[in-house]
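Q: Pasting the sequence and the predicted model now:
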Amino acid sequence: MTKEPKLIAITSGKGGTGKSSISYGLGYTLAKQENRTLIIELDFGLRCLDLMFGMEDSVKYDLSNVLKGNMQLLDAVARVPGVRDLEILCAPKNAFMIATAKQIADICRSIRKFYDFIIIDTGAGINSHVFDIVEQANLILVVTTPDPVCIRDATMMSDEFYRRGNKRQRLIINKVSPQTINSKMVKNLDEIIDAVGIQLIGVIPDDQMLKEATGKGTPLPENAPSLTVFNAISKRLNGEQVPLMI
């Protein structure tokens, strides 16, 4: 991948896979690596990025202000405290508000020149709306956990992307622990990779430090196991040849 503005869509076929935590971790590490980074949250009615970054009381505007046309996007974003190059645009609190794929595409197109990376944290689920929104992405990160239901949903989602001619996919396996691998449900990581059918870009451990940081809205500790993986994935997104962290 060349060094140019990139639109990264983070998606999954099922809720609870940790898309938002991954958006949080990758946004943080990309920014720390001196990439101007914006996270746009699309999980309407279930927004959580403001909580994860400890910004619940300071986020005054969200995507609804942009969609209604009463505010420019760059005026609606919020800068994450303590991370110079990271900004977020939270999802509307109204679960019934609708954004079309064209609206999201127009928004991304209009501000793309201001960022090195734009991360789209999509809503979960296998539906045409999600497919249409991420169609414009430079890269789609499909997230699954070692749970068989999540693996099946990720496989269905990836197959649909391929059917639409979109081969720009990479797999993230999240919430991995010794208990979830070599179990009766999943024998090994290769079984997951083979089932979903796309190239692996990272394996994120089931990290209690990550859960506490996103739950309390505090920075991810430097010794958090997941931080090492997020750093590696971010470097790979920048085109660096770094080994997979498993």
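A: Okay, I see it.
Q: Distance check, the closest residue to Ser110 other than its chain neighbours against Ile10.
A: Excluding the flanking residues, the one nearest Ser110 by Cβ to Cβ, 6 or more residues apart in numbering is Leu73, at 6.7 Å. (Glycine included, C-beta is placed from N, CA and C.) Separation of Leu73 from Ile10 (Cβ to Cβ, to the nearest Å) stands at 19 Å.
Q: which of those two has more neighbours?
A: Ile10 (27 against 20; other Cβ atoms under 10 Å).
Q: Skip ahead from the helix or strand bottoming out on mean pLDDT in the chain and say which helix or strand is next.
A: Here the helix or strand of the chain ranked lowest by mean pLDDT, DSSP states H and E is helix 128-134, holding a mean of 72. Next in sequence after helix 128-134, counting helices and strands by DSSP states H and E, comes strand 139-144.
Q: show me what contacts Ala95?
A: Each residue near Ala95 by Cβ atoms under 8 Å, 6 or more residues apart in numbering is listed here: 44-46.
Q: wait, what's in contact with Thr37?
A: Neighbouring residues of Thr37 by Cβ under 8 Å, 6+ apart: 27, 30-31, 85-87, 115-119.
Q: any idea which of those residues is closest to Glu191?
A: Nearest to Glu191 among the contacts of Thr37: Ile119, at 28.3 Å, using Cβ to Cβ.
Q: in the top helix by length along the chain, what's buried?
A: For the chain, the helix with the greatest residue count under DSSP state H is helix 148-163. Residues of helix 148-163 classed as buried: 150-151, 153-155, 157-158, 161 (neighbour count, 16 or more other Cβ atoms under 10 Å).
Q: Check whether the residue nearest to Ser110 really touches Ile111, as I assumed.
A: Yes. Checked against Cβ atoms under 8 Å, the pair Leu73 and Ile111 is within contact range at 5.3 Å.
Q: From the contact counts, what lies against the least confident helix or strand of the chain?
A: Counting contacts by 3 or more Cβ pairs under 8 Å, 6 or more residues apart in numbering; DSSP states H and E, helix 128-134 packs against strand 6-11, helix 101-111.
Q: Give me the angle between the first one and strand 139-144.
A: Angle, strand 6-11 to strand 139-144, by axes from the mean of the first three to the mean of the last three Cα atoms, to 10 degrees: 20 degrees.
Q: i'd like the first residue to be 175 from this point on
A: Sure, I'll start counting at 175 from here, so that last one is strand 180-185.
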